[in-house]
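Engineer: structure for this input, please:
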Amino acid sequence: MRHRKSGRHFSRPTAHRSAMLDNLATQLLEHEVIQTTEPKAKELRSVVDKLITMAKRGDIHARRLAAAKLNQRAVDRSDIADSKQHNSVLNKLFDDIAKRNANRPGGYTRIIKLGNRHGDNAPMVRIELVEKAVPDAIKPAFQASTASAN
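Structural biologist: Numbering: from 1, shown residues only. Alright, predicted model coming up:
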């Protein structure tokens, strides 16, 4: 019996399962939208929500814990050029995503059902971050209109 055993096992060993969820979390934070199966997305939701909550703290201990979870090397902020190169997802999480979700108390992801996959009929979903980034094409036009008004 599975009494008091939380989480899905996906018929995988623990190391494979945690590596799969860490890789999915890295991809979701990098692209902000990914397509996967429904059970994986439901498990991924808790991993990503915990990472964003940790990033909202913003201290060095949280950065090192997130770096371990995202399979990245935590580089000191003093060497900023090297840090940007090695930790693009980690920096995006702490500098961009955490600031966008600063006033949100939780629920940072959204799951949208897409239907079943051809071949094995697995239920597919799109998991995305709720607070999306403003596209770069929109930002300059907005800044130009405010600059001309002054």
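Engineer: give me the number of residues near Ile111?
Structural biologist: 15 (other Cβ atoms under 10 Å). (Each C-beta comes from the backbone N, C-alpha and C, glycine too.)
Engineer: again with Pro13
Structural biologist: Pro13: 10 surrounding residues under other Cβ under 10 Å.
Engineer: in contact with the nearest residue to Leu24 once chain neighbours are set aside, which residues?
Structural biologist: In this structure, Leu24 finds its nearest non-sequential neighbour in Leu44, 4.9 Å apart by Cβ to Cβ, 6 or more residues apart in numbering. Counting by Cβ atoms under 8 Å, 6 or more residues apart in numbering, Leu44 makes contact with Leu21, Leu24, Ala25, Leu28, Thr36, Thr109, Ile127.
Engineer: and the host helix or strand of Ala68, which residues are buried?
Structural biologist: Assigned by DSSP states H and E, Ala68 belongs to helix 60-69. By 16 or more other Cβ atoms under 10 Å, the buried positions in helix 60-69 come out as Ala62, Arg63, Leu65, Ala66, Ala67, Lys69.
Engineer: report the contact partners of the first one.
Structural biologist: With contacts taken as Cβ under 8 Å, 6+ apart, Ala62 has the following neighbours: Met54, Ala55.
Engineer: the same query, at a cut-off of 6 Å, please.
Structural biologist: Going by Cβ atoms under 6 Å, 6 or more residues apart in numbering, Ala62 touches Met54.
Engineer: please apply the same query to the last one.
Structural biologist: For Lys69, the set of contacting residues under the criterion of Cβ under 6 Å, 6+ apart consists of Asp22.
Engineer: for it, give its distance to Val125.
Structural biologist: Applying Cβ to Cβ, to the nearest Å, the value for Lys69 to Val125 is 22 Å.
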